[in-house]
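> Here you go, sequence then predicted model.
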Amino acid sequence: MLSKSRFLAGLQCPLRLWYQCYEPQLATEISPAQQAIFDTGHEVGRLATKLYPKGVHIEEEYFRHDQAVRSTVAAMGTPDVRAIYEAAFVYDGVRIRVDILQKLDNGKWNLIEVKSSTNVKDVHLPDVAVQDYVLHGCGLSIEQAGILHLDKQYVYEGSHLDLERLFSFTDLTDKLFVQIGLVPSQLNDFKEMLADNKAPSIPPDRHCMNPYPCEFWDHCTRKMPEFWVIGLSGIGQNRLCELADMDVQDIRDIPASFPLTQFQKRIRSCAINQEEYV
C-alpha cells in the first residue's frame, strides 16, 4: 500500500520509494537532530488542534489503518463532532491520515495540513493534492484545502500563547486543480515500478536532498569515492552532468582542461596532492 509520505518519496526519487517499501532496513538511523525536528512537528500539530474545538482524535496507529478508517467514519457521523484529528481514509491503494478535517454546516469539509514551517513550500502542493484526491475518491466534498503553518510575525510575550496569532492558514484550493489531475498517472507509475522485483537504477545526485534529505543516502553513496565530484563547492548541475557524461566521479580525475572556478581548481589541486590550503 502507498501512503502520503511514500507518495511524496516517490515524487522525489522512485528508488527512495522502492527502498521504503521493500528494503527499509537500508535506511540510516534517525539522528537525534532529525528526531528533534519530528518532535517539534508533532508538538506544533498538537497545538493546532486547539484551534478547532469539539474535535475527536483518531487514536489507532498507522499499522491499524483499517480500524482507524472505521473510527473516522463513526466520528463523521456524530453530530456534535466538528473536527477530526488524524482522520483515516483509503482510496486507489493510498492510505492517508488528515491532520485536521473540519466539518462545515453546509455538509462540506475543510482539509487542513499542519506544518511547522513559517511559509508554504512547493512540496506542500502535492502533499495536499494527494490527500484531496483520496478524500474526493471517498465521496467527501471539500470546501477548502490548505496549509496551517506558523506565523513568523507573531512574538510570544511569555505568558499566554495566542494560537490565533501563532498560526496562519494558506488556502491552496485554487492552486490544486492541476496538481490533483496529475495524481492518478503518478500513482500508476509508482504501482508499475513497485510491481517489478528489481529496484530502479537511479544514481545518487542532488535530488537526494531536495526537498528532503533521503534516508538511504548513505547506502546509495557507499561506493562513491572519497573526493566525489558532487562535493566540489559551487559546482552547478550542468557541470555535474558534463562530468557524468565523461564518467568522472572523483575530483582528482577532473581533466585540467575542464572549466572550473579558481576556488574549485584549488580544491582539485589539494585533493590530487593530498595537501591542505590555508
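Now that the structure is in, tell me what you want to look at.
> For the stretch 151-278 of the chain, which segments are assigned as helices?
163-166, 176-195, 217-220, 237-245, 262-273 (DSSP state H, counting those that start in this stretch).
> Could you point out which of these sits nearest residue 251?
Across those, residue 251 has its closest neighbour in helix 262-273 (4.7 Å, Cβ to Cβ). In this view, the C-beta of every residue, glycine as well, is placed from N, C-alpha and C.
> Pull the residues that contact the closest one.
227, 232, 233, 234, 235, 251, 252, 254, 260, 276, 277 (Cβ atoms under 8 Å, 6 or more residues apart in numbering).
> Now with 10 Å, please.
Contacts to helix 262-273, defined as Cβ atoms under 10 Å, 6 or more residues apart in numbering, come from residues 225-227, 229, 231-235, 239, 250-256, 258-261, 275-277.
> Might you quantify the distance of that helix from its chain's geometric centre?
36 Å (Cα atoms, centre = their mean, to the nearest Å).
> Could you list the buried residues of that helix?
Neighbour counts over helix 262-273 (16 or more other Cβ atoms under 10 Å) mark 264, 267, 268, 271 as buried.
> Remind me what the lowest-mean-pLDDT helix or strand in the chain packs against, helices and strands.
The weakest-scoring helix or strand in the chain, judged by mean pLDDT, DSSP states H and E, is helix 237-245 (a mean of 92). In terms of contacts (3 or more Cβ pairs under 10 Å, 6 or more residues apart in numbering; DSSP states H and E), helix 237-245 is not packed against any helix or strand.
> Compare the helices of the stretch 151-278 of the chain and report which one is nearest to residue 64.
Residue 64 sits nearest to helix 176-195 of all the helices of the stretch 151-278 of the chain, at 22.6 Å, using Cβ to Cβ.
> Report all helices and strands that the closest one contacts.
strand 2-3, helix 4-12, helix 14-22, strand 94-103, helix 124-137, strand 142-150.
> who touches that helix?
Here helix 176-195 makes contact (Cβ under 10 Å, 6+ apart) with 2, 6-7, 9-11, 14-15, 17-18, 20-22, 92-94, 111, 125-134, 136-137, 142, 145-146, 172, 199-200.
> buried sites along the least confident helix or strand of the chain?
Buried, per 16+ other Cβ under 10 Å, within helix 237-245: 239, 240, 243.
> Touching that helix from outside, list them.
Under the criterion Cβ under 10 Å, 6+ apart, residues 203, 205-207, 229-230, 232, 235-236, 248-251, 253-255, 258-260, 264 lie in contact with helix 237-245.
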